[in-house]
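Just need the structure, nothing else, for what follows:
(one chain, ligands or ions: 2)
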Amino acid sequence: MNITGAALVSNEPAYQGARTLWFHAPAIAKAAAPGQFVMLHCSADGMDPLFARAFSVHRVDGDRFAILFNVVGRGTAWLAARVRGETVTMYGPLGKPVKLPRHPGNLLLIGGGVGVAPLVDLAERAVAAGHQVVAMMGGRTSAHLLPSSAWPREVEYVVVTEDGSAGPKGFVTQHLGKYQEWASKIYACGPNQMFASLADVLRGNGRRQQPEVLMEENMPCGWGMCYGCAIFTRKGVRLCCKDGPAFRLFDVF
Ligand SMILES: Cc1cc2nc3c(=O)[nH]c(=O)nc-3n(C[C@H](O)[C@H](O)[C@H](O)COP(=O)(O)OP(=O)(O)OC[C@H]3O[C@@H](n4cnc5c(N)ncnc54)[C@H](O)[C@@H]3O)c2cc1C
Ligand code: FES
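Residues are numbered from 1 along each chain as shown. Ligands and ions are numbered 1, 2, ... in the order given. I've put the predicted structure just below:
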């Protein structure tokens, strides 16, 4: 784990309510593996708020890495107001990396809202490893979707919106359709309600794809010290930060 003060390279809107921040952080960018996250201190002195906030590694490019986040509270509002050249204290990467299948296959990535954040990095690495990738994103409206330009060109990008303003209307888990059959492996990231719906949809014939979900429990420390992120699984209590954040869907839901 690296503790560093990383210089902000850019701070751009990604879609309504979400921003993408790129940081120059060579040690973190080099060490980051798919599915991992970084803890960012969201204040100048690191004291208020006291606990760092967790963000998935969204993309990696050389010495830089990006996060994608929704502004939901004090910490994310502070981050959103940072300008190029400012330094943010952070530590990571943390969590167990997601392992891609050894042999090239058909990967279905399902993101609910800002849950797409880690799936873009996963898609980039999966494409580089020779996998076929379909990425589905569910958002509230067309204004709440990541643009297709954010994904590697090789990825087929499918969108679903709650109001039907882009793609089919409803929740992403209601529209897996032909992609569910096509997939040899499924990864998802989003809110727990989405994982519960996904489990309902896949319980019948989705077990062969061994779906994995990246969970976003509240994490005060991020590295196994506080037990604040404990979850109940069919294999016992697990720490989301240390044993996850990726878990087998049917171990939890
Ligand atoms: C491993 C991991 C990866 C994450 N990756 C991302 C990411 O890539 N992009 C992103 O936008 N967010 C991500 N999150 C969630 C992010 O950490 C929270 O949104 C952030 O801590 C909110 O900080 P805040 O100070 O702005 O909000 P706070 O003032 O702390 O909280 C504001 C509201 O957000 C809710 N909230 C806080 N933390 C979470 C959480 N973990 N999950 C759901 N609701 C929460 C609170 O209950 C409250 O209602 C991730 C969380 C984890 C654990
Ligand atoms: S966040 Fe502290 S143990 Fe997981």
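
Please list the residues of the stretch 151-253 of the chain that sit near ligand 1.
Residues of the stretch 151-253 of the chain lying near ligand 1 by CB under 6 Å from any ligand atom: 216, 217, 218, 219, 245. No exception for glycine: its C-beta is placed from N, CA and C like everyone else's.

how does it look with 8 Å?
191, 214-219, 222, 229, 240-241, 244-245 (CB under 8 Å from any ligand atom).

On the pLDDT front, check residue 1 for me.
Residue 1 carries a pLDDT value of 74.

How many neighbouring residues does it have?
Neighbourhood size, residue 1 [other CB atoms under 10 Å]: 13.

any idea which helix or strand carries the residue of the stretch 151-253 of the chain found nearest ligand 1?
Of all residues in the stretch 151-253 of the chain, residue 216 sits closest to ligand 1, at 3.7 Å by CB to the nearest ligand atom. Following DSSP states H and E, there is no helix or strand that holds residue 216.

residue contacts, the residue lying closest to it once chain neighbours are set aside?
Closest residue to residue 216 apart from its sequence neighbours, by CB to CB, 6 or more residues apart in numbering: residue 245 at 6.9 Å. Contact partners of residue 245, counting by CB atoms under 8 Å, 6 or more residues apart in numbering, are 35, 37, 95, 96, 214, 215, 216, 217.

Next up, the contacts around residue 182.
Residue 182 makes contact with 106, 108, 134 under the criterion CB under 8 Å, 6+ apart.

Save the residues you listed as CSV, and put in distance to residue 78 and neighbour count too.
Below are these laid out as CSV (distance: CB to CB, whole Å; neighbours: other CB atoms under 10 Å):
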residue, distance to residue 78, neighbour count
106, 41, 17
108, 35, 25
134, 36, 19
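
wait, which of these is closest to ligand 2?
residue 108 (28.3 Å).

Show the backbone phi and psi for the closest one.
Residue 108 adopts backbone torsions of phi -110, psi 120, taken as degrees, to the nearest 10.

check contacts around it.
Taking CB under 8 Å, 6+ apart as the test, what residue 108 contacts is 134, 136, 176, 179, 180, 182, 183, 185, 186, 187, 209.

can I get these in a markdown table with distance to ligand 2, secondary structure and pLDDT?
Below are the contacts of residue 108 laid out as a markdown table (distance: CB to the nearest ligand atom, whole Å; DSSP: H, G, I helix; E, B strand; the rest coil; pLDDT from 0 to 100):
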| residue | distance to ligand 2 | secondary structure | pLDDT |
| --- | --- | --- | --- |
| 134 | 32 | strand | 98 |
| 136 | 29 | strand | 98 |
| 176 | 31 | coil | 94 |
| 179 | 33 | helix | 95 |
| 180 | 32 | helix | 93 |
| 182 | 35 | helix | 95 |
| 183 | 30 | coil | 96 |
| 185 | 26 | strand | 96 |
| 186 | 25 | strand | 97 |
| 187 | 21 | strand | 98 |
| 209 | 28 | helix | 87 |
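
Would you mind putting those residues into TSV with distance to residue 201 alongside?
Below are the contacts of residue 108 laid out as TSV (distance: CB to CB, whole Å):
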residue	distance to residue 201
134	16
136	12
176	6
179	12
180	8
182	15
183	12
185	16
186	10
187	15
209	12
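
ranking those residues by neighbours, who comes first?
That'd be residue 187 among the contacts of residue 108, by other CB under 10 Å, with 29 neighbours.

Can you name the residues that contact that residue?
Residue 187 touches 98, 107, 108, 109, 110, 119, 122, 211, 212, 213, 214, 246, counting by CB under 8 Å, 6+ apart.

Sort out for me which of these are in helices.
By the criterion of DSSP state H, membership of the contacts of residue 187 in helices covers 119, 122.

Only whichever of the contacts of residue 187 are buried, select them in ChimeraX.
A single ChimeraX command selects the buried members of the contacts of residue 187 (16 or more other CB atoms under 10 Å):
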select :98,107,108,109,110,119,122,211,212,213,214,246
